[in-house]
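Student: Mind folding the following:
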Amino acid sequence: MFRSAGMGDLAGILALYRQLHPGDPAPTDAAATFGRILASPGLHLFVLDVDGAVVATTYLNVIPNLTRGAAPYAVIENVVVDAARRGTGLGRRIMAATLQAAWDAGCYKAMLMTGSRNPATHAFYRACGFTPDVKTAYVAHPPLPHP
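Tutor: Now for the predicted structure:
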């Protein structure tokens, strides 16, 4: 079942995030951060629940906008399907529902970025309706502190 995440889903989502970024440190005060996300208008953490287990997740950010007739746009982040269930259609299912949520919110476009170089990942996003030919993404990180 596709649904919005609730506080009881935190452990399942964090387990999926460990699959996405295995080298990341465990978040400090994850429950408080999760609560802020759930309480923030425009931020939507979604899950696919199969028999009570969180098996996939997406994070939809609906951003207000003053161009395009003041239509918002969407950024989708942290797309993860449990590694044991990949290739079963769950990824397409959660992405289709996430995109529908963006369209229902009036978004005129939805964007995502991937750091993956895996051709299968890119084929998956193209199959979900994304195109790599419209925008170029750049990423900046804060400078490292000087000792």
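Student: Can you identify the element that follows the longest helix that the chain contains toward the C-terminus?
Tutor: Ranked by residue count, the top helix of the chain under DSSP state H comes out as helix 90-104. Later in the chain than helix 90-104, the nearest helix or strand by DSSP states H and E is strand 110-112.
Student: Send me whichever helix or strand comes after that next one as PDB with only the CA atoms.
Tutor: Proceeding N to C from strand 110-112, the next assigned helix or strand is helix 119-127, under DSSP H and E. Written as PDB, here are the backbone C-alpha positions of helix 119-127 (Å, rounded to 0.1, in the frame of the first residue of the first chain):
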ATOM      1  CA  PRO A 119      22.700   2.300 -16.600                       C
ATOM      2  CA  ALA A 120      19.900   0.300 -15.000                       C
ATOM      3  CA  THR A 121      19.200   3.200 -12.600                       C
ATOM      4  CA  HIS A 122      19.000   5.700 -15.500                       C
ATOM      5  CA  ALA A 123      16.800   3.300 -17.500                       C
ATOM      6  CA  PHE A 124      14.500   3.000 -14.500                       C
ATOM      7  CA  TYR A 125      14.100   6.800 -14.200                       C
ATOM      8  CA  ARG A 126      13.500   7.100 -17.900                       C
ATOM      9  CA  ALA A 127      10.800   4.400 -17.700                       C
END
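Student: residues of helix 119-127 that come out buried?
Tutor: 124-125 (16 or more other Cβ atoms under 10 Å). (Glycine included, C-beta is placed from N, CA and C.)
Student: and Lys109, how many neighbours does it have?
Tutor: By other Cβ atoms under 10 Å, the residues close to Lys109 number 14.
Student: try the one 5 residues further on
Tutor: Other residues within reach of Thr114 by the criterion other Cβ under 10 Å amount to 14.
Student: repeat for Pro64
Tutor: 10.
Student: Model confidence for the closest residue in space to it that isn't next to it in sequence, exactly?
Tutor: Nearest residue to Pro64, sequence neighbours excluded (Cβ to Cβ, 6 or more residues apart in numbering): Pro72, at 5.4 Å. Looking at Pro72, its pLDDT stands at 98.
Student: Return the residues in contact with Pro72.
Tutor: Counting by Cβ atoms under 8 Å, 6 or more residues apart in numbering, Pro72 touches 42, 62-65, 105-108.
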